[in-house]
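>>> sharing a model prediction with you, sequence too.
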Amino acid sequence: MAANTNTDKRAKKNQPWSGFLDRPDGASAPPAAPVESTKESRKKAAAAKKKAKKANPGQPMRPRPRGFAGWGRGAASYVEAPPEWRGTTVQVCGLWPFGAGSGTPVVGVPLGRTLTSGATLCCDPVSWFQRANLILNPSEFVLGKPGLGKSTLVRRQALGLAGYGVLPLVFGDLKPDYADLIHALGGQVVSLGRGRGNLNVLDPGEVTQAARRLTGDARRALLADAHGRRLNAVASLITVLRQQPPTDREETILNTALKVLDERHQGVPVLSDLLKLIQEAPEPVRAAALDRGDFNRYRELTDDLEASLLGMLSDGRLGTMFSNPTTEPMHRDRPVCFDVSSIDDSETQLQAAALLACWSYGFGAISVAQALADAGLEPQRHYFVILDELWRVLRAGRGLVDRVDALTRLNRTRGVGMAMITHTMSDLLALPAEEDRMKAKGFVERAGMVITGGLPASEMPQLTDVVNMTEAEQHMITDWSTPPSWDPGSGRETPPPGLGKFMVKVGGRPGIPLVVQLTPAELDVNNTNRRWQK
C-alpha cells in the first residue's frame, strides 16, 4: 500500500499540471505536456522567474493580459469578447468610461446596422446635405441587381424623411413598390394607364392660379418655367415615338405654337388643340417654320411633326393617356405617388412616355410650391423625389438623356432631394450614342452619394471608373450578387446572400457596408411579392 502511495506521489510530482488533479469540481485534466522534459521546463520557468525578480527587485510578479505565463499558472489561451449593448447617451450615461461612441453618422433616417461594427447607420441625402453637411448635393444614385432590396432601402428613407417633414414624391411607380407606403402616410396615389387615368402633358397644373398671386419677375419666371417644361414634355413624347429627337426646326415650331395656343385658347389645352393649331398655320408658326411664304412648303415641313402628334392621340400608339384632360390633379402639400403599374412591361414605349410625363408634371408642381414659398405666400416645403426604373426611359430613344437631364437639374437651393434608381452601370453605358453615354454617366458623378447593392464582377470596372472603391469593397459587393442556395428541408430557395445589404459611398471616403433592418410595421407595405402569396 505504501509503495503504491509513493508511486502516486512521484507521478503527481512529475506532472506539470498536477495541481489540476486536486480540483474539487472534478474537472478533467488538461492535455498532456509537450515533448519537452519536465526538468527542462522547470529550469526555464525558474530562470524566467529569476530574471523577472532582477528586473523588478522587491516587486511582486504581475500577470500578463491573459494571466500568469507558465505551466499551471492560469494563463488563458482564448479570451471571449465581452457582451455589448447599445443605447442613447441618456440611457448609458452612467456607464462611463465603459461606453464607446459610434464611428458612423447618426444624422438622418436610421437604415440598419453596419456589417463591420454593428453600429447603427443613419443615412439619407436630405439630412446629410442639410444638417450633417456630409455631401454637397442632396441626391443619391442607387444601383443593384433586381430583388436585393433597392426599393426597400429608398422606401425606408422616404418613410423616415416623412417623419422629418420632407414630403416623398414618386413620379412613376411601375410595380407598384411605393403605392402602399404613400397610402399608409395619408398621401395621394394617382393611377394612370389605359382606361384608368389620364395626364395631359399640356396641363400647366396650378401654374395659372399661382401666377395670379405673384407679380413682377417671380410671375414671369414661373410662367417661363411652365412653358419650358411643357415644351420638353411634348418633345420627349415625340422622341419616344420616333426613337430619335425632333429636329431643331420642329422644336422651334412647337415652341411658337405653344405660345400662340396659350394666347388664343380658353382653359387648359390638350394635344389635339396643339395639332389643330399647327394645321391652321397661323402667321407666327409659319414664320418659325421658315416656309418663305409658300404654304405647300409649310405642309412639307410640318408633315412629320403632325404625324408624331397624331401618334399621341386616340388612334396612336400611346392612346389617349396623354391627350385627354388630367383626371386627378396633383396636390403639392402631401406625399404623392403616380401609379403606372397597370401598363404592361411589353409596352416599353408607353412605360417610358408615362415616366417622362409624370416627371415633367411633378417637377412643375414643385416649381409652383417653391415660387409661392419664395414670395412668402406659402410655407417652405421640402421634397424627396424618387425616380425609379431610370433605365427604361434612357433606352426608349436617342436624345432622352438630355430630356431627363433637363428635368432633373433642380437647383439644390430649391429644397428638393432626389433618389435615382437603376440596376447596373451597363444600363447607363449601353446607350447607342457616345454623348448620351457620357451624360448618363454624369448622373452618377453628380450624385451626392452612391449606394450600391450586389453587382456582378463585370460591373466593377465601369463602377470604379466613376466611384473610387478598394478591392475589399469590390469583393464585398460582388459576393452580395451570389444567387441563393436551395434549402432541401423546406424545398425553397434561401434568401439571397446580398438581400438588404448595401455599400454607401461618398466621394473618396471609405464605404460603409450595412444591412437594412425593417420594423414589423414596415413589412406589409414593403411586400412586393404579395400577389404570389395569395
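Received, thanks.

>>> please, where are all the strands along this structure?
110-114, 120-122, 139-143, 167-173, 188-191, 336-339, 383-387, 416-421, 449-452, 486-487, 492-493, 501-505, 512-516 (DSSP state E).

>>> and for the last one, what are the contacting residues?
The contact list for strand 512-516, computed with CB atoms under 8 Å, 6 or more residues apart in numbering, reads 104, 111-116, 121, 123, 149, 152-153, 156, 473, 476, 500-504. Just so you know, the C-beta spots here come from the backbone N, C-alpha and C atoms, and that holds for glycine as well.

>>> try the first one
Contact partners of strand 110-114, identified using CB under 8 Å, 6+ apart, comprise 104, 119-123, 153, 156-157, 160, 500, 512-517.

>>> weed out the non-buried ones from those.
104, 119-123, 153, 156-157, 160, 500, 512-516 (16 or more other CB atoms under 10 Å).

>>> and the residue nearest to Val404 when sequence neighbours are not counted, what does it touch?
Excluding the flanking residues, the one nearest Val404 by CB to CB, 6 or more residues apart in numbering is Val393, at 6.1 Å. Contact partners of Val393, counting by CB under 8 Å, 6+ apart, are Ala352, Leu355, Leu356, Leu400, Val404.

>>> low-confidence bits of the stretch 401-534 of the chain, can you list those?
Applying pLDDT under 70 to the stretch 401-534 of the chain flags the ranges 403, 406-414, 491, 526-534.

>>> now with 90?
Applying pLDDT under 90 to the stretch 401-534 of the chain picks out residues 401-416, 423-448, 462, 465-466, 468, 482-497, 507-510, 517-534.

>>> quick one: neighbours of Ser41, just the number.
Residues lying near Ser41 (other CB atoms under 10 Å) number 15.

>>> run a quick neighbour tally on Ile386.
24.

>>> quick one: contacts for it?
Going by CB under 8 Å, 6+ apart, Ile386 touches Val154, Ala158, Pro168, Leu169, Val170, Phe171, Tyr178, Met418, Ala419, Ile421.

>>> tell me which of those residues is nearest to Ser308?
Phe171 (23.5 Å; CB to CB).

>>> was I right to think that closest one contacts Cys358?
Yes: counting by CB atoms under 8 Å, Phe171 does reach Cys358; the two are 4.3 Å apart.

>>> can you tell me how far the nearest residue to Pro335 once chain neighbours are set aside is from Thr424?
Spatially, and ignoring its direct neighbours in sequence, Pro335 is nearest to Gly187 (3.0 Å; CB to CB, 6+ apart). The gap separating Gly187 from Thr424 is 31 Å, by CB to CB, to the nearest Å.

>>> how about the strands of the chain in JSON lines, adding distance to Val467?
Shown next, in JSON lines, are the strands of the chain (distance: least, CB to CB, whole Å):
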{"stretch": "strand 110-114", "distance to Val467": "19"}
{"stretch": "strand 120-122", "distance to Val467": "18"}
{"stretch": "strand 139-143", "distance to Val467": "9"}
{"stretch": "strand 167-173", "distance to Val467": "25"}
{"stretch": "strand 188-191", "distance to Val467": "34"}
{"stretch": "strand 336-339", "distance to Val467": "30"}
{"stretch": "strand 383-387", "distance to Val467": "19"}
{"stretch": "strand 416-421", "distance to Val467": "14"}
{"stretch": "strand 449-452", "distance to Val467": "5"}
{"stretch": "strand 486-487", "distance to Val467": "34"}
{"stretch": "strand 492-493", "distance to Val467": "30"}
{"stretch": "strand 501-505", "distance to Val467": "5"}
{"stretch": "strand 512-516", "distance to Val467": "13"}
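
>>> looking at those, which is nearest to Arg286?
Of the strands of the chain, nearest to Arg286 by CB to CB is strand 167-173, at 36.4 Å.

>>> Glu459: how many residues sit nearby?
The burial count for Glu459: 21, using other CB under 10 Å.

>>> any idea how far Leu275 is from it?
Glu459 is 44 Å from Leu275, by CB to CB.

>>> spell out, range by range, the helices that occur in the stretch 401-534 of the chain.
Under the criterion DSSP state H, counting those that start in this stretch, the stretch 401-534 of the chain contains helices at 425-429, 434-446, 460-464, 471-480, 520-523.

>>> what is in contact with Phe171 and Cys358 at once?
Common contacts of Phe171 and Cys358, defined by CB under 8 Å, 6+ apart, comprise Phe338.

>>> still on that earlier bit, Pro284: which of the helices of the stretch 401-534 of the chain is closest?
When the helices of the stretch 401-534 of the chain are compared (using CB to CB), the closest one is helix 434-446, at 32.2 Å.

>>> in this structure, which residue is closest to the centre?
Val142 (3.8 Å; CA atoms, centre = their mean).

>>> bridging residues for that residue?
Beta bridges link Val142 to Ile421, Ile451, judged by DSSP bridges.

>>> pretty sure it sits against Thr424.
No: Val142 is beyond contact range of Thr424, at 11.5 Å (criterion: CB under 8 Å).

>>> what's the neighbour count on Glu251?
Using other CB under 10 Å, Glu251 has 18 other residues around it.

>>> no wait, Glu347
Per other CB under 10 Å, the neighbour tally for Glu347 reads 16.

>>> just the helices in the stretch 101-250 of the chain please.
Using DSSP H, counting those that start in this stretch, helices in the stretch 101-250 of the chain cover 125-130, 150-163, 179-184, 207-213, 216-242, 248-264.

>>> closest one to Gly454 among those?
Proximity to Gly454 (CB to CB) singles out helix 150-163 among the helices of the stretch 101-250 of the chain, at 10.0 Å.

>>> residue contacts, Arg230?
Per CB under 8 Å, 6+ apart, neighbours of Arg230: Val201, Leu202, Pro204, Leu258, Ser360.

>>> among those, name the buried ones.
Here, 16+ other CB under 10 Å leaves Val201, Leu202, Pro204, Leu258, Ser360 buried among the contacts of Arg230.

>>> pLDDT and distance to Phe384 for those - can I get that in a markdown table?
Converted to a markdown table, the buried ones among the contacts of Arg230 look like this (pLDDT from 0 to 100; distance: CB to CB, whole Å):
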| residue | pLDDT | distance to Phe384 |
| --- | --- | --- |
| Val201 | 91 | 24 |
| Leu202 | 93 | 27 |
| Pro204 | 89 | 24 |
| Leu258 | 95 | 31 |
| Ser360 | 86 | 18 |
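
>>> tell me the one among these nearest to Ser490.
Nearest to Ser490 among the buried ones among the contacts of Arg230, with distances taken as CB to CB, is Ser360, at 47.1 Å.

>>> okay but the closest one is in contact with Leu237, surely?
No: using CB under 8 Å, Ser360 is not in contact with Leu237, being 9.6 Å away.
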